[in-house]
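S.K.: fold the following.
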Amino acid sequence: MSQGDMMLKDTVLVLSEDDKVIGSASKKESHVFDEKQPTGILHRAFSVFLFDESTNELLLQQRASTKITFPNVWTNTCCSHPLHGMEPPEVDLPEALENGEVMGVKNAAIRKLNHELGIPPSQLDVTKFKFLTRLHYWAADTVTHGPESPWGEHEIDYVLFYIIPDKSVLTIKPHPDEVDAITWVTEDGLQEMLKDSSLLFSPWFRLIFQRWMTGKNSWWSDLKETMTTDKYCDYVNISRFDPPKEHFGGGGKAGPKFLKGDASKKQGAYGKIKTHKESKLLQLLQVDEVWSALTLLYVQPLVSNLETPHIQKTFSRNELLFCDQILGKVSRSFAAVIRQLPQQLLVDILVFYLVLRALDTIEDDTTAFPSMEKKIATLKDFYDNALVDPKWKLDGVGEGDELRLLQEFPKCHTIYSELNRDSRAVIADITKRMGEGMKEFIVKDMGQGTATVEEYNRYCHFVAGLVGEGLSRLFAVSGLESSSMSKEIHLSDRMGLFLQKVNIIRDYLEDYVDGRAWWPKSIWSKYSETGDLGYFCNMDDKKVRAKSLACLNELVTDALELAPDCLAYMSKLHCTEIFRFCAIPQVMAIATLDKLYNNPDVFTGVVKIRKGLSCQLILQTNTVEELHGIFYNFSQSIAKKAKRAKSDPTRERTQKACQAVFDLTESTRLRRTKMWKKVSVALVATLAVKSFVAPKKLALPLGYLAKGMALTVTTMLFWNSAIYPKNNKLKSAQKLSKKDA
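M.R.: Residues are numbered from 1 along each chain as shown. The predicted structure follows:
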């Protein structure tokens, strides 16, 4: 049978990003790289490494020159695909990964070792293959077929080791249509081959060798332990690699999919993607932000209320200390704003956050569970039992501090059980509803995002809108806000959606690399010419860059349209501390939206606002007036960018969304403008008087002028606040409590 015949006849296993079999395709169809499928179709493969134990040599093959994909390249002993419809069967279900048996892949290895190298199946024991791990990679065959190659590989590859006592016991008769040459090499010998520029090597072989097989304590140098123990086995994680750059491109002009390195999916791609930061010099030049950072650190830091007598008397000290410490570990930004809440509410919100963070850790972990059914069962077990059973805990899910949170969850339960009954009811209700919503999306393949804007909104509702509802209900339960806040379901949901959408837009690349993306296809497909969400990564192509920015701007506009509802929600709050708790994340979000708009950096890393700006926003978010001013300023910045982006298809919609914010905040802007005009006039008048009164030949001392200016500004600010008093509706929790008393 010819290579072309096999390309049509063989039926490979089509996979989801998490290695679930979701269909089939011909070998030819799965290896085509074109505009419709820039990296082909993801399918299952295996790579066999056969060693001579007596010499510690590895058997290599040079693929035949007649092969359609990657001809003439040197590679590992045997690399091919398990197929549908074979006997013995070659399809492994997720359960086969639990103990590393994967008999389907091993059966396929026996078949192909016989077909390619003529090794009789009787000379191999299928149970002696050592399955080590999986790698997800892709590569366009541009070396053979040129930069627009129509062929390539896109596989989740199972790595199999096999040892024979001596090469003399093995019969090897290579098939001429499959193999041009074979050789046995030591590790040093292979290193020399790799230095020879006249030799070609397969991209998957290079990735495996460089990642796991070279140097001390590697699979090869420690071969006996590799084969006799599970020291090097990883049946949970899938390591993900882009190919060497010479294998980018192809008929679909594929660019980086995972970026460089091992993009293991454990707890997502967080921390594995570049974060775009402004240089330290540029940050230091923002003098007002530097001053704000110093003020927040040393002069006016956010004060924790956990040490108040009421809290220390009400809650178990050691367990509360754990909750506070783990809060700071899993979310430094939220920890600061939670701790400044009043004593009547602080612990309720702290526990609420940790419970939802624990639930989110289970939902986020894409590799800890052997099957989707097991993951769903664990989610259900959490929201059914974690808040009921004081001994409930979970091990092996999440990483680092999130792992510890689940391992020591009984400490969180202790504090939860000491909350008042109404607060416990709110937390339990939201946790269960969020868990049910997560189940809905866990079973879906999210590699290409949500299908529609409606589905996008629904996901955001479950993971953030419900949080907004829960917070509103806890505010009401505390007595610091009106009981009517518990009924503000719509505005609470919209506030949550606003924050979540900003995060989703910002985290495009992290989520795409992780295989769990949320950008709605009904939006991004209008701009992607390949029909793939990864199309937008290639910022070197001017056409791709323009379409990427147009897509980004539409998503930013979609989020910005929620801003009026956020402002409406904030207008209903009365407690100063609760207002700041809600306002700080919102001003960070509107500042981030401004940073994201028309910014190509979104497609090559994570974009964040400056830390100094964050500090400034925290210090300047105390009243409705200040909140309106911040929303106005950042919306104005977006509007100016939209005005310059004349070819942007959603430009008018963006400007309309900005205008909606202007309409709500204009009075604040005018008031502030009038104030500063008066300050300026008074300052000029003061300087004029000083200059007139002072002897013309005597220079005014600098300190004298400075004192005069400071006095003038202070006087005008005081006078202005008297004429235009700030929002008097907001009152501290202490004053509200006295009023209730």
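S.K.: gap between stretch 454-470 and the chain center?
M.R.: 17 Å (C-alpha atoms, centre = their mean, to the nearest Å).
S.K.: wouldn't Ser548 be in contact with Tyr527 here?
M.R.: Yes: because the distance of 7.0 Å satisfies C-beta atoms under 8 Å, Ser548 is recorded as touching Tyr527. Heads up, the C-betas are built off the backbone N, CA and C, glycines and all.
S.K.: give me the more crowded residue out of those two.
M.R.: Ser548 (23 against 18; other C-beta atoms under 10 Å).
S.K.: contacts only, for the more buried one.
M.R.: By C-beta atoms under 8 Å, 6 or more residues apart in numbering, the contact set of Ser548 is Tyr527, Tyr535, Phe536, Met539, Pro600, Phe603.
S.K.: can you read off the pLDDT for the fifth one?
M.R.: What that stands for is Pro600. Pro600 carries a pLDDT value of 95.
S.K.: surely it and Val544 touch.
M.R.: No: contact status for Pro600 versus Val544: not in contact, 10.0 Å apart, counting by C-beta under 8 Å.
S.K.: before we move on, the earlier item: now do the shared contacts for Ser548 and Tyr527.
M.R.: Common contacts of Ser548 and Tyr527 (C-beta under 8 Å, 6+ apart): Tyr535, Phe536.
S.K.: about what we covered before: by neighbour count, which of the contacts of Ser548 wins?
M.R.: When neighbours are taken as other C-beta under 10 Å, the top entry among the contacts of Ser548 is Phe536 (27 neighbours).
S.K.: now do the SS call for that residue.
M.R.: helix (DSSP: H, G, I helix; E, B strand; the rest coil).
S.K.: number of nearby residues for Val290?
M.R.: Val290 has 15 nearby residues by other C-beta under 10 Å.
S.K.: rewinding a little: which of the contacts of Ser548 sits closest to Gln655?
M.R.: Checking the contacts of Ser548 against Gln655 with C-beta to C-beta, the nearest one is Tyr527 at 19.8 Å.
S.K.: thinking the closest one is in contact with Arg545, fair?
M.R.: No: counting by C-beta under 8 Å, Tyr527 does not reach Arg545; the two are 11.0 Å apart.
S.K.: what's the local residue count around Leu59?
M.R.: Look at Leu59: counted by other C-beta under 10 Å, it has 23 neighbours.
S.K.: so it is in which element?
M.R.: For Leu59, the element it lies in under DSSP states H and E is strand 57-63.
S.K.: elements contacting the helix or strand following that strand?
M.R.: Downstream of strand 57-63, the next assigned helix or strand under DSSP H and E is strand 74-75. Using 3 or more C-beta pairs under 8 Å, 6 or more residues apart in numbering; DSSP states H and E as the contact test, the elements touching strand 74-75 are strand 57-63, helix 203-208.
S.K.: quick one: contacts of strand 74-75?
M.R.: Leu60, Gln61, Gln62, Arg63, Met193, Leu199, Leu200, Phe201, Ser202, Trp204, Phe205.
S.K.: cool, and stretch 374-393?
M.R.: 355, 358-359, 362-363, 365, 368-369, 394, 397, 406-410, 413-414, 416-417, 424, 427-428, 431-432, 434-436, 438-439, 442-443.
S.K.: can I get whichever strand in the chain runs longest in PDB, CA atoms only?
M.R.: Of all segments of type strand in the chain, defined using DSSP state E, the longest is strand 152-164. Taking C-alpha atoms only, strand 152-164 is exported to PDB below (Å, rounded to 0.1, in the frame of the first residue of the first chain):
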ATOM      1  CA  GLY A 152       2.200  19.400   9.100                       C
ATOM      2  CA  GLU A 153       1.700  17.600  12.500                       C
ATOM      3  CA  HIS A 154      -0.600  18.500  15.400                       C
ATOM      4  CA  GLU A 155      -0.600  15.800  18.000                       C
ATOM      5  CA  ILE A 156      -0.800  14.800  21.600                       C
ATOM      6  CA  ASP A 157       2.100  12.400  21.600                       C
ATOM      7  CA  TYR A 158       2.400   9.500  24.100                       C
ATOM      8  CA  VAL A 159       6.100   8.800  24.900                       C
ATOM      9  CA  LEU A 160       6.900   5.100  25.200                       C
ATOM     10  CA  PHE A 161      10.300   3.600  26.300                       C
ATOM     11  CA  TYR A 162      11.300   0.000  25.700                       C
ATOM     12  CA  ILE A 163      14.500  -1.800  26.600                       C
ATOM     13  CA  ILE A 164      16.000  -5.000  25.100                       C
END
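S.K.: and the angle for whichever helix or strand comes after that strand with strand 57-63?
M.R.: Where DSSP H and E defines the elements, the next helix or strand beyond strand 152-164 is strand 179-185. Relative orientation of strand 179-185 versus strand 57-63 (axes from the mean of the first three to the mean of the last three C-alpha atoms, to 10 degrees): 160 degrees.
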